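>>> dropping a prediction and its sequence here:
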Amino acid sequence: MVFSFLAVSLWKMGGNQTSVTEFLLVGFPLSPRMQLLLFGLFSLLFAFTLLGNGVILGLISLDSRLHTPMYFFLSQLATVDIAYACNTVPQMLVNLLSPAQPISFAGCMTQTFLFLIFALTECLLLMVMSYDRYVAICLPLRYSTIMSWSVCIALAVASWTSGVLLSLVDMVLLLPLPFCGPQKVSHFFCEILAVLKLACVDTHFNEVVVVAVATLGLVGPVSAIVVSYGHIVWAALKIQSAEGRRKAFSTCSSHLCVVGLFYGTAMIIYVGPQHGDPQEQKKYLLLFHSLFNPMLNPLIYSLRNREVKAALRRRLGKGRPS
């Protein structure tokens with residue numbers, strides 16, 4: 001993969017300064033019975049994540065009625081959610097069964113890099129989706145012109161590209177750092193702040209940059225989303241009929257639920273004040289972020305969206321024998 005090649009190449013830049021060739025992920029220090037129970041539960045949730053997002057992708061690609069900008073961006077979100085979960089959850093499941101299994105230095109750096117890419121890309125995609133809803137409700141007569149397919153593709157490419165570039169800022173500063181021990185990462189995957197704690201030099205500047213990039217990737221899009229929905233609410237309130245207002249708000253409710261879940265946990269992790277043991281709090285919040293968020297997103301969109309439910313019924317109906 002291109003991302004893996006970039007991460008390994010950057011690692012070689014700082015390879016002469018490190019003696020650590022692998023890391024051990026601490027994960028969740030629990031009893032063997034509890035670890036086995038969590039393995040079964042998390043495996044089930046991971047399967048639901050892949051199934052739910054896979055169904056969303058399948059419906060959007062197969063049903064021509066869903067070939068609209070809104071569902072194009074939803075398919076991008078489902079792709080990110082699948083990649084996001086696949087990057088962290090399998091390693092966590094392996095560690096629950098075999099806690100002593102190491103991860104190579106290059107593998108750890110690649111996992112960190114991919115996590116940053118998918119997290120930042122999802123931030124930007126959610127912002128783009130709010131802009132799509134703003135145009136649909138506030139400028140309905142110009143919607144097809146403003147949200148043309150060329151514009152939609154450009155916005156999606158810009159989201160992915162920006163996610164990669166912002167992630168590179170953190171990685172270029174991380175990889176040249178010397179790692180001479182210890183090797184235990186106090187997390188269930190190679191989260192960047194947990195990895196920075198293992199460097200043999202002062203990493204205050206790196207931590208400031210990580211928080212700055214996270215703030216840029218979170219506060220900027222959140223501000224744009226708030227502005228978009230401010231205009232949406234104002235436009236919806238001016239609609240005369242109650243049915244029209246209900247329809248306007250219903251088209252945004254699913255997106256707002258996803259935005260609340262994603263940005264709420266992310267801002268607590270990287271931007272909000274810390275209380276108690278911040279490392280342990282972040283570990284469990286990131287577990288929710290990596291496992292539950294990608295699983296809940298397709299459920300929210302399918303349960304609260306008439307068009308997705310109708311498309312699912314049509315596909316199931318075609319599969320039944322006459």
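Yes, it's here. Numbering: from 1, shown residues only.
>>> list the contacts of the residue most central in space within the chain.
Central residue of the chain (CA atoms, centre = their mean): A119, 4.0 Å from the mean position. By CB atoms under 8 Å, 6 or more residues apart in numbering, A119 lies in contact with Y84, G163, G217, A266, H289. (C-beta placed from N, C-alpha, C; glycine too.)
>>> the residues you listed in helices, which ones?
Y84, G163, G217, A266 (DSSP state H).
>>> could the residues you listed go into CSV alongside neighbour count, pLDDT and distance to V26?
Listed next are the ones in helices among the contacts of A119 as CSV, based on neighbours: other CB atoms under 10 Å; pLDDT from 0 to 100; distance: CB to CB, whole Å:
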residue, neighbour count, pLDDT, distance to V26
Y84, 24, 90, 21
G163, 22, 94, 28
G217, 24, 85, 27
A266, 23, 77, 22
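>>> redo those residues as a markdown table? Include distance to P140.
Shown next, in a markdown table, are those (distance: CB to CB, whole Å):
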| residue | distance to P140 |
| --- | --- |
| Y84 | 33 |
| G163 | 30 |
| G217 | 30 |
| A266 | 32 |
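>>> buried residues in the helix or strand hosting K247?
Per DSSP states H and E: K247 is located in helix 242-270. By neighbour count on 16 or more other CB atoms under 10 Å, the buried set for helix 242-270 is 248-249, 251-252, 254-259, 261-263, 265-266, 269-270.
>>> repeat for stretch 79-91
Neighbour count says stretch 79-91 has T79, V80, D81, I82, A83, Y84, A85, C86, N87, T88, V89, Q91 buried, by 16+ other CB under 10 Å.
>>> can you give me the helices for this protein?
Assigned by DSSP H, the helices in the chain fall at 2-13, 32-62, 69-97, 105-138, 143-146, 149-174, 192-196, 204-237, 242-270, 278-287, 293-303, 306-319.
>>> nearest to V20, out of those helices?
With CB to CB as the measure, helix 105-138 is the member of those nearest V20 (5.9 Å).
>>> now do the closest one and helix 149-174, the angle between them.
Compare the direction of helix 105-138 with that of helix 149-174 by axes from the mean of the first three to the mean of the last three CA atoms, to 10 degrees and you get 150 degrees.
>>> tell me which of the helices of the chain sits nearest to E22.
Nearest to E22, of all these, is helix 105-138, at 6.0 Å by CB to CB.
>>> show me how far that closest one is from its chain's centre.
6 Å (CA atoms, centre = their mean, to the nearest Å).
>>> that one vs helix 69-97, what angle?
Helix 105-138 runs at 150 degrees relative to helix 69-97, counting by the same axes, to 10 degrees.
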